[in-house]
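Asker: sequence below, structure please.
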Amino acid sequence: MTTPAGFKSLLEAKKRSMRILIDNGEYHNAYENVGIMVEYALKIVICKEMGRQNYPDTLRKYKTHNVHSLIEFARLEEELNKVNVIGTEFYTNWSIVTVWDISTRYNEAWESTKEHIEEIWEALFNEKEGVITWISNKW
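Answerer: Numbers count the residues shown, from 1 in each chain. Below is the predicted model of the structure:
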């Protein structure tokens with residue numbers, strides 16, 4: 001079972017790894033980290049909401065990579081609906097990040113460009129409207 005501190009450490013490691021991969025032109029490999037980082041961030045919130053020291057991964061329903069399910073478990077749906085308004089920067093960032101799919105890592109034909117992966121990086125970590133930034137404010 002992973003603790004919130006463990007998820008934070010894993011998230012930071014994935015963030016560093018993603019930056020290194022981007023800087024070395026490994027865009028496909030960098031892209032794999034996107035959803036995993038969002039998942040880690042949400043699992044920290046879930047632990048907080050449940051008052052748990054460890055993520056409840058022994059409970060079947062919590063063994064998921066589905067962002068929408070994790071948002072529900074974190075009790076963030078209502079707040080997300082308030083900030084995720086069409087035309088806002090957060091809406092754009094959320095839209096960019098949540099198209100990520102874990103199966104992409106198995107798609108050899110999937111390609112990206114430096115511009116695309118940098119756009120995703122900004123959507124994740126923008127200081128005001130980034131997805132990880134928004135979630136981390138709930139810790």
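
Asker: quick check, central residue of this protein?
Answerer: Of all residues in the chain, the one closest to the mean position by Cα atoms, centre = their mean is residue 38, 1.3 Å from it.

Asker: what sits against residue 39?
Answerer: 65, 67, 70 (Cβ atoms under 8 Å, 6 or more residues apart in numbering). C-beta here means a position set from N, CA and C on the backbone, and glycine is covered the same way.

Asker: tell me the contacts of the second one?
Answerer: Spelled out, it's residue 67. Residue 67 touches 35, 38, 39, 42, 98, counting by Cβ under 8 Å, 6+ apart.

Asker: repeat that with 10 Å
Answerer: Residues in contact with residue 67, defined by Cβ atoms under 10 Å, 6 or more residues apart in numbering, are 35, 38, 39, 42, 94, 97, 98, 100, 131.

Asker: next, give me the two most distant ones among those.
Answerer: Across those, the longest distance by Cβ to Cβ is 14.8 Å; it joins 39 and 94.

Asker: now residue 74, nearest residue through space, not along the chain?
Answerer: Once flanking residues are discounted, residue 74 sits nearest to residue 45: 4.1 Å by Cβ to Cβ, 6 or more residues apart in numbering.

Asker: contact partners for the one you found?
Answerer: Residue 45 makes contact with 4, 7, 70-71, 73-76, 135-139, according to Cβ under 10 Å, 6+ apart.

Asker: okay if I get those as a markdown table plus distance to residue 85, neighbour count and secondary structure?
Answerer: Output for the contacts of residue 45, formatted as a markdown table (distance: Cβ to Cβ, whole Å; neighbours: other Cβ atoms under 10 Å; DSSP: H, G, I helix; E, B strand; the rest coil):
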| residue | distance to residue 85 | neighbour count | secondary structure |
| --- | --- | --- | --- |
| 4 | 29 | 19 | helix |
| 7 | 28 | 22 | helix |
| 70 | 21 | 21 | helix |
| 71 | 16 | 19 | helix |
| 73 | 23 | 20 | helix |
| 74 | 20 | 22 | coil |
| 75 | 20 | 14 | coil |
| 76 | 15 | 19 | coil |
| 135 | 17 | 24 | helix |
| 136 | 20 | 15 | helix |
| 137 | 17 | 8 | coil |
| 138 | 18 | 15 | coil |
| 139 | 23 | 12 | coil |
